[in-house]
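A.B. asks: got a predicted structure plus its sequence, pasted below:
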Amino acid sequence: MAFGLIKYGLSPSYPGKRFLSRQPELKSSYDVVIIGGGGHGLACAYYLAKNHGVKNVAVFEKGYIGGGNTGRNTAIIRSNYLTPEGVAFYDESVRLFQGLSEDLDFNILYSERGHFTLAHTDAAMRTSRWRAEVNKHLGVNSEVVDREDLKRLVPTLNLSEDVRYPILGALYHPPGAIARHDAVAWGYAGRAAEMGIEIHQGTEVTGLEIENGAITGVVTNRGRVGCGKAMQAVAGLSGVMAKMAGFKLPIKTVPLQACVSMPLKPFLDPIIVSGSLHVYISQGSRGELVMGGSTDPYPRYQTKSTLDFIEGLMAHILELFPFLADVPILRQWAGMTDMTPDFSPVMGETPVKNYYIDSGWGTWGFKATPVCGKRMAETIATGQVPALLQPFRLSRFEEYSLVGEKGAASVGH
Amino acid sequence: MKIINCPLNGPRNAQEFVHGGEFVAMPDPHRTSDSDWAGFVFLENNTAGVVREWWCHVPTAYWFIAERDTIKDEFIRTFDPSEIFRERVEFTRPEATKS
């Protein structure tokens, strides 16, 4: 690295390879158009090429790849959910994540830390036991731990009973991990591009062409292209895209904020979450504490940070780690989440033929990136929705068969 | 701190209010199909732009209607529901659907 810097620093040409090849002109049509170049859309493109040989694919991203919620989440990966449908789905994602650096030949800095969901009430302890039993039944490593275990496993955690919400125990999930979220988007993009998939940044989809109830093309700010199939993976803008396609979604666009502290010496190995306090905190590879809380109190199409959020979050963080009181916050930001009423995603077919949806990712989207990409690619390539995705179909709402996922982040129980 | 103008209590801190969802006409529960009712309960317009929605001032348990821009995060107007609901809304009884 240092040698290369000296050798090529003064040279007019650098022999390094571009990560993404130069953006080509738009073709007149593609087999598949993916709307949204976040982790999900790029993963789908990658698995379409790799697993199904579908390579005449374009990904349209109005900004830059991974610039939306892929780069705004708190990068937590886990599968200790509550519903059997959710556990099976996220478990496949964790297993894909574990081999992803090797699969993509790109280091996503996957770091297995262990994940604690703190319980401060008897009701939360009961939910923890419930989740642990569902998890164990499905082969996911989870167990309930008490205060003695916590003292040993998380020595820096404040277990005092002289706080507003004393800790009674926790749901412990050893495979819980964090990763470099941007790297997931870049890794998928780089490998997909190598296989011939076109990634068009700065390309906004402004309209859809639908004939006889089937998608035939998309209109972009760079012109119109035809398509055999299309998928939208646009997170907070899901409702806006769905309106272009002519249907409504059970989704509200609500900002979710997060922040990081200045870097500290490593002191917190595991990821600590409290559903009751609406807090999640982990220490990233750079030593920064990555912290998040609940979604903003009302829907907006906006990514402004608020002081209310940081005050509310810190009040709870300081109960868990009082010695952080003097640590400055370095950055704060927001992303627009697509929240569903049952805290489960919406994936699969839509009322428009050959137009697929990948949305409803609220506060749980990053951890699902590989499995969603892989299974949506399977859906698009084969036209069959795999059993793993069936419970999350859009039509579950009019069938009144919701998947109530109380194990989702920022959900009190 | 954001300030919301409550039609009953005047300008108050945003933390005193809760968002009550989109203002949409409620179908008669006993005269509507299951799928239309699901649409009313679950589906959202989720408009990017000016919306009309329910809000509640929690300390006084007062419900009102607001017009708000969801892109600019600006309240355009707040008003008492009596501007829209001039008379009591009656629903049919469940047994009336048997006829």
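C.D. replies: Cool, got the structure.
A.B. asks: when you work out contacts or count neighbours from here on, use the C-alpha atoms and nothing else.
C.D. replies: OK.
A.B. asks: what pLDDT does the residue in chain B that chain A sits nearest to get?
C.D. replies: The nearest approach of chain B to chain A comes at B:Leu43, 4.1 Å away (Cα to the nearest Cα). Per-residue pLDDT puts B:Leu43 at 96.
A.B. asks: quick one: low-confidence ranges for chain B?
C.D. replies: Applying pLDDT under 70 to chain B picks out residues B:95-99.
A.B. asks: interface residues of it facing chain A?
C.D. replies: By Cα under 8 Å from any Cα of the partner chain, the residues of chain B that approach chain A are B:1, B:18-19, B:34-35, B:38-39, B:42-48, B:70-73.
A.B. asks: flag every buried residue along stretch A:317-329.
C.D. replies: The neighbour-count check on stretch A:317-329 (16 or more other Cα atoms under 10 Å in any protein chain shown) flags A:317, A:319-320, A:329 as buried.
A.B. asks: what's the answer for stretch A:50-62, then?
C.D. replies: A:50, A:54-62.
A.B. asks: farthest-apart pair in those residues, please.
C.D. replies: Taking Cα to Cα, the two most distant members of those are A:Lys50 and A:Lys62; they sit 24.7 Å apart.
A.B. asks: tell me which residue of the stretch 151-300 of chain A lies closest to chain B.
C.D. replies: For the stretch 151-300 of chain A, Cα to the nearest Cα, closest residue to chain B: A:Pro250, 4.1 Å.
A.B. asks: my read is that that residue contacts A:Asp338, right?
C.D. replies: No - applying Cα atoms under 8 Å, one finds A:Pro250 not in contact with A:Asp338, separated by 9.3 Å.
A.B. asks: what ranges do the helices span in the chain?
C.D. replies: Picked chain A for this. A:2-9, A:39-52, A:84-98, A:100-104, A:122-137, A:147-153, A:181-194, A:238-245, A:307-320, A:369-382 (DSSP state H).
A.B. asks: actually, chain B is the one I wanted.
C.D. replies: B:34-42.
A.B. asks: check contacts around A:Met336.
C.D. replies: By Cα atoms under 8 Å, 6 or more residues apart in numbering or on different chains, A:Met336 lies in contact with A:69, A:235-237, A:253-256, A:300-303.
A.B. asks: so, low pLDDT: which residues of chain A?
C.D. replies: Within chain A, the segments meeting pLDDT under 70 span A:1, A:407, A:409-413.
A.B. asks: that one against chain B: which residues are in contact?
C.D. replies: Counting by Cα under 8 Å from any Cα, the residues of chain A close to chain B are A:239-240, A:248-253, A:297-302, A:307-308, A:341, A:397-400.
A.B. asks: restricted to strands, list those residues.
C.D. replies: The strands, defined by DSSP state E, take in A:252-253 from the residues of chain A next to chain B.
A.B. asks: quick check: phi and psi at A:Ser403.
C.D. replies: For the record, residue A:403 is Val, not Ser. Backbone geometry at A:Val403, expressed as degrees, to the nearest 10, gives phi -110, psi 80.
A.B. asks: from chain B, how far out is it?
C.D. replies: Taking Cα to the nearest Cα, to the nearest Å as the measure, A:Val403 falls 13 Å from chain B.
A.B. asks: so how far is A:Ile310 from that residue?
C.D. replies: A:Val403 sits 31 Å away from A:Ile310, going by Cα to Cα, to the nearest Å.
A.B. asks: and residue 81, how many neighbours?
C.D. replies: All of this refers to chain A. Look at A:Tyr81: counted by other Cα atoms under 10 Å in any protein chain shown, it has 26 neighbours.
A.B. asks: ah, I was thinking of chain B
C.D. replies: 14.
A.B. asks: which residues sit in contact with it?
C.D. replies: B:Pro81 sits in contact with B:63-65, where contact means Cα under 8 Å, 6+ apart.
A.B. asks: give me that answer again for 10 Å
C.D. replies: B:7, B:54, B:63-66 (Cα atoms under 10 Å, 6 or more residues apart in numbering or on different chains).
A.B. asks: state the number of residues packed around the nearest residue to the residue of the stretch 151-300 of chain A closest to chain B once chain neighbours are set aside.
C.D. replies: Closest residue to A:Pro250 apart from its sequence neighbours, by Cα to Cα, 6 or more residues apart in numbering or on different chains: B:Leu43 at 4.1 Å. Counted with other Cα under 10 Å, residues neighbouring B:Leu43 total 20.
A.B. asks: again with B:Arg68
C.D. replies: For B:Arg68, the count of nearby residues is 19 (other Cα under 10 Å).
A.B. asks: can you check the one 5 residues further on too?
C.D. replies: B:Asp73 is flanked by 17 other residues according to other Cα under 10 Å.
A.B. asks: excluding chain neighbours, give the residue nearest to it in space.
C.D. replies: Computed as Cα to Cα, 6+ apart, the closest residue to B:Asp73 that is not its neighbour in sequence is A:Arg300, at 6.6 Å.
A.B. asks: which residues sit in contact with the one you found?
C.D. replies: By Cα under 10 Å, 6+ apart, the contact list for A:Arg300 reads A:236, A:252-255, A:336-337, B:46-49, B:68-74.
A.B. asks: list the ones among those that fall in strands.
C.D. replies: Those of the contacts of A:Arg300 lying in strands (DSSP E): A:252-255, A:336-337, B:68-69, B:74.
A.B. asks: relative to A:Ser142, which of these is nearest.
C.D. replies: A:Ser142 has its nearest neighbour among these in A:Thr337, at 27.5 Å by Cα to Cα.
A.B. asks: in space, not sequence, find me the middle residue of chain A.
C.D. replies: Note on chain A: the residue nearest the mean C-alpha position is A:Phe366, at 1.4 Å, using Cα atoms, centre = their mean.
A.B. asks: any idea how far B:Trp54 is from that one?
C.D. replies: Noted for A:Phe366: a distance of 32 Å to B:Trp54, by Cα to Cα.
A.B. asks: try B:Pro27
C.D. replies: 17 Å.
A.B. asks: how about the contacts made by A:Arg164?
C.D. replies: A:Arg164 neighbours (Cα under 10 Å, 6+ apart): A:120, A:316, A:319.
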